[in-house]
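>>> build me a structure from this.
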Amino acid sequence: MESMAKAWLEFWNGITQAASRETMVASAAVIVVALIVIIAAQLFVLRGRRRKTEERVRRAYETLEETWDLILITDRKGKIEYINKAGEETTGYGREELIGNGRGAWLPWRDDGKLLKEIQDALRSGEPFRASGLGTKKNGETFQADVAVHPVKNDSGAVTQLIFTARDVTRQKKLEDRLHYMARYDVLTGLPNRTYFAHLLKQQIARTNQEKRFVSVMILDLDRFKYVNDVFGFEAGDEVLKWTADKLRATVEKEDIVARLGSDEFGVVHIDHVQPVDAASVVARILDAVLDPVPVEGRELALTMSAGISVHRQDGEDAETLIQNADIALAKAKSLGRNNVQFYSQDINARASEFVFMEKRLFSALKNDEYLVYYQPYHQLTTSKVAGAEALIKWRNTDLGLVSPSRFIPTLEDTGMIIDVGEWVLKTSCRQMKEWGKGKYPHPLSVNLSLIQLRHKYLLNMVSDSLSEFKLNPERLTLEVTEGIFMHDMEFSTAVLKRLKDIGVSISIDDFGTGYSSLSYLKRLPVDNVKIDISFVRDITKDPDAASMVTAITGMARSLNLKTIAEGIETEEQLNVLRLLRCDMGQGYYFSPALPPADFAQYLSGPDGLPTGGPVQLKAAPMKAAPTKTKAATTTKTKTRTR
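Reported below is the predicted structural model:
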């Protein structure tokens with residue numbers, strides 16, 4: 001029994017041991033397979049990661065190559081290891097010329113030792129650095145660059161590489177500089193503009209408060225500049241402005257400031273260590289320099305300037321006030337006949353307020369039918385018969401009543417409203433002639449032209465259209481221009497008058513005898529009548545010089561087959577002297593003041609063309625003397641007085 005049990009036990013142990021060996025072999029096989037799978041999987045993963053890494057590197061490289069910014073990588077000592085395509089294009093160097101060499105070939109600020117030291121100090125500390133500077137291309141051309149330098153550190157914190165990124169901002173900088181320039185300077189003349197002028201003036205005032213010196217502000221304006229643009233075009237106008245700017249620069253002192261404030265207006269800040277009145281001599285030099293002939297389209301044009309002056313402290317403490325007061329003084333200067341200089345004063349300020357006051361009301365006067373046209377006759381002196389009439393504008397305002405032409409005509413001219421108002425006067429006069437024509441009114445009618453109208457490009461069309469509209473014979477229209485007009489541009493004025501004569505109208509020179517060379521240029525002008533200035537007629541009975549001047553004018557006119565008309569006849573004594581001096585016609589209060597259309601028609605109803613009651617007995621005007629004519633009125637009228 002025992003032997004049987006022992007034998008069974010041995011048998012079972014044998015079976016168990018055999019099974020264990022097979023299990024271990026199987027397990028080992030499984031482990032080996034698992035390891036192989038794991039290793040294979042790891043190899044696959046690593047290979048995938050390498051591919052991804054390689055793809056990422058490739059994409060990064062492509063990105064670096066395609067970026068517009070210059071990218072440069074150097075070792076810690078500055079030897080170039082990599083430069084992208086933008087770097088080649090920007091610097092003009094090829095990679096083979098740069099890789100392995102130093103970065104100094106193109107690096108901005110390479111000549112700026114102080115800045116380079118700042119970069120080195122920043123990089124030693126491991127901090128990025130940014131700056132702007134001029135880089136140099138291979139061909140020697142410079143370019144503006146914004147550069148950032150980033151240090152690359154290893155695990156221990158030591159700098160191993162430097163990455164430079166740079167952007168060529170030359171165009172951007174030029175644009176920024178241009179915008180900055182345009183914000184401060186006038187592009188056409190290169191002078192400071194109004195804003196920068198005020199800024200520079202503020203700086204000078206601040207310095208003046210610390211030093212013993214005077215600051216004067218001058219505002220200067222070209223007289224009749226609109227005429228240059230209208231006749232010759234804007235390109236010629238630009239050339240005139242540049243010429244004027246050069247004249248100003250060359251005339252003022254070195255430390256003075258010259259600016260273009262807008263259109264044809266210029267500003268000067270004059271610094272003086274002695275006394276403020278020295279500004280007057282500076283302006284005088286400027287006005288004298290501008291008198292030089294200006295070459296415009298192959299011809300020489302004469303220009304003049306007017307100026308207003310304000311002085312620091314006495315006329316204002318701050319820049320804005322000084323500029324404003326100099327502008328007010330300029331307006332006064334221009335109202336006195338141009339080519340004039342005025343210092344600011346409280347009286348001028350009051351006159352400037354008057355200008356603003358008038359301008360506001362005149363702006364709507366034409367639209368509101370506030371203008372009137374009166375007619376003053378002129379007579380044959382030998383027969384006293386009516387020989388014609390002159391159209392004179394009046395203004396009746398609701399608030400101001402009937403306003404004197406000498407008060408509102410200058411404002412019309414300064415604002416340019418004279419163009420529209422002058423056209424209205426011409427058309428109204430032509431319409432009136434047509435009405436009178438029904439009653440067989442055979443006489444010519446004179447309409448005044450201002451200098452601004454004479455230089456307007458549509459003048460000829462305006463005259464011919466008005467005659468056509470009312471179907472008038474051109475011979476019945478006379479256009480009057482003041483003698484002073486020819487002093488500005490004899491050649492141009494003569495050419496315009498010849499074109500008007502071609503239309504068929506007659507031409508009269510008004511205020512004759514007040515110019516500098518009246519008799520010498522009379523024979524050159526295409527005129528029909530000469531109107532002797534009122535100043536000679538007024539003094540003809542008591543001043544031998546006045547009588548001599550009238551004698552010379554009438555004699556010259558007769559030799560040229562021109563008719564003479566004496567203005568401002570007030571007394572029979574004046575009439576008799578003018579007859580003796582063989583003057584052809586006369587106009588003035590002795591005969592009649594300017595009359596509204598209905599009264600003028602009645603005035604003409606006397607027998608044989610004589611006014612009712614005869615010229616000597618007529619007392620239509622209570623005044624015994626005609627209003628005194630100012631110089632401004634004589635040179636800038638549509639008609640600035642009532643005769």
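>>> use CA for all of it now, contacts and neighbours both
Noted.
>>> average pLDDT for stretch 67-74, rounded please.
Here stretch 67-74 scores 80 as its mean pLDDT.
>>> what are the ranges of the helices in the stretch 251-400 of the chain?
278-290, 319-335, 346-362 (DSSP state H, counting those that start in this stretch).
>>> relative to Tyr371, which of the ones you listed is closest?
helix 346-362 (9.8 Å; C-alpha to C-alpha).
>>> and among the helices of the stretch 251-400 of the chain, the most buried is which?
Of these, the one with the most neighbours on average (mean count of other C-alpha atoms under 10 Å) is helix 319-335, at a mean of 24.
>>> how about that helix as PDB, C-alpha atoms only?
Output in PDB follows, covering the C-alpha atoms of helix 319-335 (Å, rounded to 0.1, in the frame of the first residue of the first chain):
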ATOM      1  CA  ALA A 319       1.100 134.200 -30.200                       C
ATOM      2  CA  GLU A 320      -2.600 133.900 -31.200                       C
ATOM      3  CA  THR A 321      -3.400 137.600 -30.300                       C
ATOM      4  CA  LEU A 322      -0.300 138.900 -32.100                       C
ATOM      5  CA  ILE A 323      -1.200 137.000 -35.300                       C
ATOM      6  CA  GLN A 324      -4.800 138.100 -35.100                       C
ATOM      7  CA  ASN A 325      -3.800 141.800 -34.600                       C
ATOM      8  CA  ALA A 326      -1.300 141.600 -37.500                       C
ATOM      9  CA  ASP A 327      -4.100 140.200 -39.700                       C
ATOM     10  CA  ILE A 328      -6.300 143.200 -38.700                       C
ATOM     11  CA  ALA A 329      -3.500 145.600 -39.500                       C
ATOM     12  CA  LEU A 330      -3.100 143.800 -42.900                       C
ATOM     13  CA  ALA A 331      -6.700 144.300 -43.700                       C
ATOM     14  CA  LYS A 332      -6.300 148.000 -43.000                       C
ATOM     15  CA  ALA A 333      -3.300 148.200 -45.300                       C
ATOM     16  CA  LYS A 334      -5.100 146.600 -48.200                       C
ATOM     17  CA  SER A 335      -8.000 148.900 -47.700                       C
END
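>>> quick one: average confidence on it?
Helix 319-335 carries an average pLDDT of 88.
>>> picking up where we left off before, tell me which of the helices of the stretch 251-400 of the chain sits nearest to Tyr227.
helix 319-335 (15.5 Å).
>>> save the helices of the stretch 251-400 of the chain as JSON lines, and put in distance to Ala131 too.
Listed next are those as JSON lines, based on distance: least, C-alpha to C-alpha, whole Å:
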{"stretch": "helix 278-290", "distance to Ala131": "47"}
{"stretch": "helix 319-335", "distance to Ala131": "38"}
{"stretch": "helix 346-362", "distance to Ala131": "54"}
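>>> identify whichever of the ones you listed lies nearest to Val149.
helix 319-335 (46.9 Å).
>>> helices or strands up against that closest one?
helix 194-208, strand 214-222, strand 305-311, strand 341-343, helix 346-362 (3 or more C-alpha pairs under 8 Å, 6 or more residues apart in numbering; DSSP states H and E).
>>> can you say which of the helices of the stretch 251-400 of the chain is nearest to Leu445?
helix 346-362 (26.0 Å).
>>> so, low pLDDT: which residues of the stretch 301-450 of the chain?
346-355, 439-440 (pLDDT under 70).
>>> let's see 50
The model of the stretch 301-450 of the chain has no residue with pLDDT under 50.
>>> out of the helices of the stretch 251-400 of the chain, the one nearest Glu265 is which?
helix 319-335 (9.9 Å).
>>> how close does Asp69 sit to Thr165?
For Asp69, the distance to Thr165 (C-alpha to C-alpha, to the nearest Å) stands at 7 Å.
>>> swap in Leu191?
For Leu191 relative to Thr165 (C-alpha to C-alpha), the value is 39 Å.
>>> more neighbours, these two?
Leu191 (23 against 19; other C-alpha atoms under 10 Å).
>>> would you confirm that the more buried one contacts Ala259?
Yes: the pair Leu191 / Ala259 is scored as a contact, 4.9 Å apart, by C-alpha atoms under 8 Å.
>>> quick one, grab the pLDDT at Ser620.
In this structure residue 620 is Ala, not Ser. 34.
>>> what's in contact with stretch 365-374?
391-397, 421, 425, 428-429, 594-597 (C-alpha atoms under 8 Å, 6 or more residues apart in numbering).
>>> what average pLDDT does the helix or strand hosting Glu573 get?
Using DSSP states H and E, Glu573 sits in helix 572-580. If you average the pLDDT over helix 572-580, you get 94.
>>> and the closest residue to Ser464 other than its chain neighbours, how many neighbours?
Take Ser464 and drop its neighbours on the chain: the residue closest to it by C-alpha to C-alpha, 6 or more residues apart in numbering is Ile503, 6.9 Å away. Using other C-alpha under 10 Å, Ile503 has 16 other residues around it.
>>> who's in contact with the residue nearest to Ser216 when sequence neighbours are not counted?
Spatial nearest neighbour of Ser216, excluding adjacent residues (C-alpha to C-alpha, 6+ apart): Val311 at 4.5 Å. Contact partners of Val311, counting by C-alpha under 8 Å, 6+ apart, are Phe214, Val215, Ser216, Val217, Pro276, Leu322.
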